[in-house]
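Undergrad: dropping the sequence and predicted coords here.
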Amino acid sequence: MAAEKSTPMDRAASASDALTLSHVNTPPAQTWNYLRINDVSFDVPAPSPSSTGAAFNRLPQILSKVETGLGDEAVDWVGRMADGATYVEVPAHTRREEPVLVAVDDGHPFASAGVIVREGASATICVSASATQGSPTEKGASAPTTGSALRVICERGASVEIVEIVASAAGRQHLEAIGVDCAEHASAVVRQYALGGAKVAMGLAANLAGSSAHVELTNRYVVRNADLLDVNHVVRQRGRNTTSDLSATGVLLDDATKTMRETIDLIHGAKNSRGNELECVLVCGDGVTNKTLPTILCDEEDVQGNHGATIGTISPEQLAYLACRGLSESDVEALFSRAIFDDALAHAPEATSRQAVVSRATSIFGDAFAEEAAAGPAATTDTNVER
């Protein structure tokens, strides 16, 4: 009988040695320890003794100064686990038409990348995580884990759009780090979609160093079963007239756990700057655990900072109204969840990320999602979903 070939995911999951990343997604301003919201820990496979972080050494040294929201310990670990690094430079005053793809999957569980968008240039970057396979872990070993780290520098007047899609299957862990530095009049638009994974950490930090720099961050998530999603967003506004807009919307089902940390740091000198944070959470399960930590730090007088969070359930009146139109409670929950997958599919900029959305959605909603995705946006949504 022929021996089965092991995949990179299998080898990472079954490593004899494991280590614990103890301070993942730590916010700049921490709160009382008993709230258990200051960070999250991950048990991950240990890098091989010969691994020295060579992947990141292949990137320009300037990228090492870019902060990511995930934390240095976790980012260093991803760099040591990655086989290589991807570096892309967009020439000044050009538009890169083809999206830069940073993808992790069963065959390539780890990725390290850096992008420099030169003055007046623009580009789209897609980060996709879609691991679906992996053998059961050995006793004492870590769960099958993927990870990616992306650092971006936007020079004067440059713009970048980043689309993140985390669509890992059940039982998988994923760590994702993103850091963006924006110079004068530069802008970054980020769309994050957390669609699957037993334990997922997403950390993003944006440094608005130049005057009139701007970041717009939209986060959408669906957390099901007993899965855990941990998010850390940090925006440091240093330049004058900088703006940041952070918006998150999600659905929590069953026994899901979610932690959202959002910090806007209005640093001394950032006169006339403005920052906004807003989260809206729909709770659809009696066992749900939701933690939200919106924070505004301010060391400058002439600034504006706003934050808020809305957390609620579908009211009995709304359920009664929809029941009169033939929708059960599970149908209604599926509609809200399905809307986030549809939004992710609409904004996925290339084939790999679109396939990641379709594969994950098909495992939840059935083959109807794949058929409707192939038919185009005009297809009718099927609400008969088995959860």
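TA: Cool, got the structure. Given the structure is predicted, the values throughout are model-derived calculations rather than measurements.
Undergrad: now do the contacts for residue 341.
TA: Applying C-beta atoms under 8 Å, 6 or more residues apart in numbering, we find residue 341 in contact with 195, 222, 357, 360-361, 364-365, 369. (C-beta placed from N, C-alpha, C; glycine too.)
Undergrad: buried sites along the longest helix seen in the chain?
TA: What stands out as the longest helix in the chain, according to DSSP state H, is helix 329-347. Buried positions in helix 329-347, judged by neighbour count with 16 or more other C-beta atoms under 10 Å: 331-334, 336-338, 340-345, 347.
Undergrad: tabulate those residues in JSON lines, adding columns for distance to residue 74.
TA: Putting the buried residues of helix 329-347 into JSON lines (distance: C-beta to C-beta, whole Å) gives the following:
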{"residue": "331", "distance to residue 74": "39"}
{"residue": "332", "distance to residue 74": "37"}
{"residue": "333", "distance to residue 74": "32"}
{"residue": "334", "distance to residue 74": "33"}
{"residue": "336", "distance to residue 74": "31"}
{"residue": "337", "distance to residue 74": "28"}
{"residue": "338", "distance to residue 74": "32"}
{"residue": "340", "distance to residue 74": "26"}
{"residue": "341", "distance to residue 74": "27"}
{"residue": "342", "distance to residue 74": "31"}
{"residue": "343", "distance to residue 74": "28"}
{"residue": "344", "distance to residue 74": "24"}
{"residue": "345", "distance to residue 74": "29"}
{"residue": "347", "distance to residue 74": "26"}
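Undergrad: quick one on the thing from earlier: need the worst-confidence member of the contacts of residue 341.
TA: Ranked by pLDDT, these bottom out at residue 369 (87).
Undergrad: for that one, which non-adjacent residue is closest in space?
TA: residue 361 (4.3 Å; C-beta to C-beta, 6 or more residues apart in numbering).
Undergrad: over to residue 210?
TA: Distance criterion C-beta to C-beta, 6+ apart; nearest residue to residue 210, sequence neighbours excluded, is residue 184 at 3.2 Å.
Undergrad: look up how far residue 158 lies from that neighbour.
TA: According to C-beta to C-beta, to the nearest Å, residue 184 stands 10 Å off from residue 158.
Undergrad: which one of those two has more residues nearby?
TA: Neighbours per residue, other C-beta atoms under 10 Å: of residue 184 and residue 158, the larger number sits with residue 158, 26 against 20.
Undergrad: measure the more buried one to residue 121 for me?
TA: Separation of residue 158 from residue 121 (C-beta to C-beta): 5 Å.
Undergrad: quick one: the helices in the stretch 251-387 of the chain?
TA: 316-323, 329-347, 351-365, 367-375 (DSSP state H, counting those that start in this stretch).
Undergrad: low-confidence ranges in this structure?
TA: Counting by pLDDT under 70, the chain has low-confidence residues at 1-16, 49-57, 133-142, 377-387.
Undergrad: neighbours of residue 175, how many?
TA: If you count neighbours by other C-beta under 10 Å, residue 175 ends up with 32.
Undergrad: ignore the last one, residue 130
TA: Residue 130: 26 neighbours (other C-beta under 10 Å).
Undergrad: contacts only, for the residue lying closest to it once chain neighbours are set aside.
TA: Nearest non-adjacent residue to residue 130, counting by C-beta to C-beta, 6+ apart: residue 356, 3.7 Å away. Contacts for residue 356 (C-beta under 8 Å, 6+ apart) come out as 128-130, 165, 167, 348.
Undergrad: do residue 340 as well
TA: 193, 195, 220-222, 249-251.
Undergrad: show me which of the residues you listed is closest to residue 144.
TA: The nearest member of these to residue 144, counting by C-beta to C-beta, is residue 195 at 17.2 Å.
Undergrad: give me the phi and psi for that closest one.
TA: phi -110, psi -10 (degrees, to the nearest 10).
Undergrad: beta-bridge partners for the closest residue to it other than its chain neighbours, please?
TA: What sits nearest to residue 195 in space, not counting adjacent residues and going by C-beta to C-beta, 6+ apart, is residue 167, at 4.4 Å. Beta-bridge pairing for residue 167 (DSSP bridges): residue 196.
Undergrad: against residue 261, how distant is residue 167?
TA: With distances taken as C-beta to C-beta, residue 167 is found 22 Å from residue 261.
Undergrad: could you do residue 276 as well?
TA: From residue 276 over to residue 261 the distance is 16 Å, taken as C-beta to C-beta.
Undergrad: could you do residue 252 as well?
TA: Relative to residue 261, residue 252 is positioned 16 Å away (C-beta to C-beta).
Undergrad: again with residue 207
TA: For residue 207, the distance to residue 261 - C-beta to C-beta - is 17 Å.
Undergrad: more neighbours, the two?
TA: For residue 207 versus residue 261, neighbours defined as other C-beta under 10 Å are more numerous around residue 261 (27 against 24).
Undergrad: now do the contacts for the more buried one.
TA: Listed by C-beta under 8 Å, 6+ apart, the contact partners of residue 261 are 25, 27, 37, 231-233, 293, 295.
Undergrad: tell me which entries of those lie within helices.
TA: Secondary structure defined by DSSP H assigns none of the contacts of residue 261 to helices.
Undergrad: same list (those residues) but as a markdown table, adding distance to residue 115 and neighbour count.
TA: Formatted as a markdown table, the contacts of residue 261 follow (distance: C-beta to C-beta, whole Å; neighbours: other C-beta atoms under 10 Å):
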| residue | distance to residue 115 | neighbour count |
| --- | --- | --- |
| 25 | 22 | 28 |
| 27 | 25 | 20 |
| 37 | 31 | 19 |
| 231 | 22 | 26 |
| 232 | 21 | 27 |
| 233 | 19 | 29 |
| 293 | 29 | 19 |
| 295 | 28 | 19 |
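Undergrad: nearest to residue 100 among those?
TA: For those, the nearest to residue 100 is residue 233 (21.5 Å; C-beta to C-beta).
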